[in-house]
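Chemist: Fold the following.
(2 chains)
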Amino acid sequence: MTAAVEVDDVVVRYGDVLALDGASLTVRPGRVTGLVGMNGSGKSTLFKTIMGLVRPDQGRVRVLGTDPDAARRRGVVGYVPQSDGIDWGFPVSVREVVMMGRYGHQGLTRRPRLADHTAVDEALDRVELSELAGRQIGQLSGGQRKRAFVARGIAQEAPVLLLDEPFAGVDKRTEATIVRLLRELADDGRTILVSTHDLHALPQLADESILLLHRVLFHGPTTDALRPERLARAFGLDTGLDLGGKVVVA
Amino acid sequence: MTLLDLLLEPLQYDFMVRALATTVLASVVCALLSCWLILVGWSLMGDAVSHAVLPGVVLAYVVGAPFALGALVFGVLAVILIGVVRDSGRIREDAAIGIVFTTLFALGLVLISVTPSQTDLNHIIFGNILGVSPAELAQVAVLAGIAFTVLVLKRRDLTLYAFDPAHAHAIGLSPRRLGALLLGLLALTAVVALQVVGVILVVAMLIIPGATARLLTDRFGRMLVIAPILSATCSVAGIYLSYWLDAAPGGLVVVVQGSVFALAHLLSPHGGLLRLQARRAPAAAR
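Modeler: Alright, predicted model coming up:
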């Protein structure tokens, strides 16, 4: 199968800081891929380059065969943001948030048509939030909020879904719900890329994982990626330290 | 005298009719815009733009151009300058705003001091609602009409921009352009409101209505209805009060708006005093 996202030798600098230093990777459709690295390892920058928010200083990014700008104009990349990037007091309902996924399909004033309402209903149903659709977004629990944003990606009909730290501040049970949902979406043929530094949910969630520290240290089956010596390198620990094992077990 | 007489009496004066018409137009469009400003966190930006238009207004008077044009040019100039200073990297946005708007405002004061007498400092700074000419009313109507139409047509995009600019980008919109649109509308609207309450108090009309509406509802769509209605009502009440009390109209418009905000804060189901009471009551009973 062809690649959904191709990142080829990408370099991104912010002033003196080197966020990505020759990162190359290929993400395949129909699978959940974990993107693992510590804070500051370049995960967010990688997402931004895939979304076309950041232009690489060097290298090339392709999303479903086109450059990121063309991809975003077609609305093929859905994005589930990190919790702390959102103003949860914002006066929008869950339904309105999901409807925002439809804007790319609508006319200039974004007046919703029947097809849009149907798509939103189905997306809400899929993430089991239909009953809470009228609530203000901040009145949801942490996991429900995540699901609302996943629903937005579903309503958008985005074949590629990027999730930024979806498990931060989410309890175990909700985590399991999200894992199940993402697995289903991958089974539909979507490409799911999940960035996280939270490792315990990873084996159930991701078919394969990428260890990132400014460039790709490892890309392969998740169980292999979580080997202590590999993690130690990704998290910048001295290989002599015996911390890796604990991280995996926890 | 009946209440009706009391309300109708001022309307026999043309200047009062023009004052009320101008006030309603300005307060509706300001209130609409304020709903986004308070959510994007641009209250200070509103303050900055409204002060920065002063030299533009003075220069327009001097050369005999429509004052709105001068104000618009300087409003946009202020926004660009703030952007330039902020993007230089070392100066934070709040400092950039503070530097640019005070400097432009000061430039306006200097210009007033050297221009011949027909520009009345008080009128620009505190508004001249009772002295609005038919031509000025027409100007306000056109500008308010433009701002109103654009805001209503683009409301969903602007709300998305305020809520989640990254998603706006992801679906092919340009957050940059939407931000620029909002700033342009801010400059336009500041010019409209200037006529009513003057440079100093414009920011009140650009913040209070949206903030009051936010206290009363959790729905942005409803805010867009509540804010203009409330604001227009408050402003008209302020003008009437100024007629009856023979006091400053611009000042009263803002005082009434502020008082209604205070009332909404007391009565609001979302974090008002009543709610605090309700929260305290069961705790005390325990």
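Chemist: what about residue A:134, how many residues close to it?
Modeler: 11 (other CB atoms under 10 Å in any protein chain shown). In short, each C-beta sits where N, CA and C put it, glycine included.
Chemist: Give the helix, strand or coil label for it.
Modeler: Applying DSSP: H, G, I helix; E, B strand; the rest coil to residue A:134 yields a three-state assignment of coil.
Chemist: Which residues does stretch B:252-267 contact?
Modeler: Under the contact criterion CB atoms under 8 Å, 6 or more residues apart in numbering or on different chains, stretch B:252-267 has outside partners B:23, B:27, B:129, B:196-197, B:201, B:204-205, B:208-209, B:211-212, B:215-216, B:230-231, B:234-235, B:237-239, B:241-242, B:245, B:272-274.
Chemist: what's residue A:112 in contact with, if anything?
Modeler: A:99, A:102, A:106, A:120.
Chemist: Let's verify the second one: helix, strand, or coil?
Modeler: If I follow you right, that is residue A:102. Reduced to three states by three-state DSSP, residue A:102 is helix.
Chemist: My guess is it contacts residue A:116. True?
Modeler: Yes. Using CB atoms under 8 Å, residue A:102 makes contact with residue A:116 at a distance of 4.4 Å.
Chemist: Of the two, which one has the most company?
Modeler: Under the criterion of other CB under 10 Å, the comparison of residue A:102 against residue A:116 puts residue A:102 first, with 23 against 19.
Chemist: circling back to that earlier point, which one of the contacts of residue A:112 has the most neighbours?
Modeler: residue A:120 (25 neighbours).
Chemist: ok, back up a step: out of the contacts of stretch B:252-267, name the ones that lie in helices.
Modeler: The members of the contacts of stretch B:252-267 that map onto helices under DSSP state H are B:23, B:27, B:196-197, B:201, B:204-205, B:208-209, B:211-212, B:215-216, B:230-231, B:234-235, B:237-239, B:241-242, B:245, B:273-274.
Chemist: Show me which of those residues are buried.
Modeler: B:23, B:27, B:196-197, B:201, B:204-205, B:208-209, B:211-212, B:215-216, B:230-231, B:234-235, B:237-239, B:241-242 (16 or more other CB atoms under 10 Å in any protein chain shown).
Chemist: Quick one: residues contacting the most centrally placed residue in chain B.
Modeler: Taking CA atoms, centre = their mean, the centroid of chain B lies closest to residue B:206, which sits 2.7 Å from it. Residues in contact with residue B:206 (CB under 8 Å, 6+ apart) are B:30, B:33-34, B:37, B:43, B:46, B:50, B:186, B:189-190, B:193.
Chemist: How about it, nearest residue that isn't a chain neighbour?
Modeler: residue B:46 (4.0 Å; CB to CB, 6 or more residues apart in numbering or on different chains).
Chemist: quick one: residue A:9 is in a helix?
Modeler: No. Using three-state DSSP, the assignment for residue A:9 is strand, not a helix.
Chemist: tell me the pLDDT at it?
Modeler: Looking at residue A:9, its pLDDT stands at 93.
Chemist: which outside residues touch stretch B:12-26?
Modeler: B:10-11, B:129-134, B:136-137, B:140-141, B:144, B:192-193, B:195-196, B:205, B:232, B:235-236, B:238-239, B:243, B:249, B:253.
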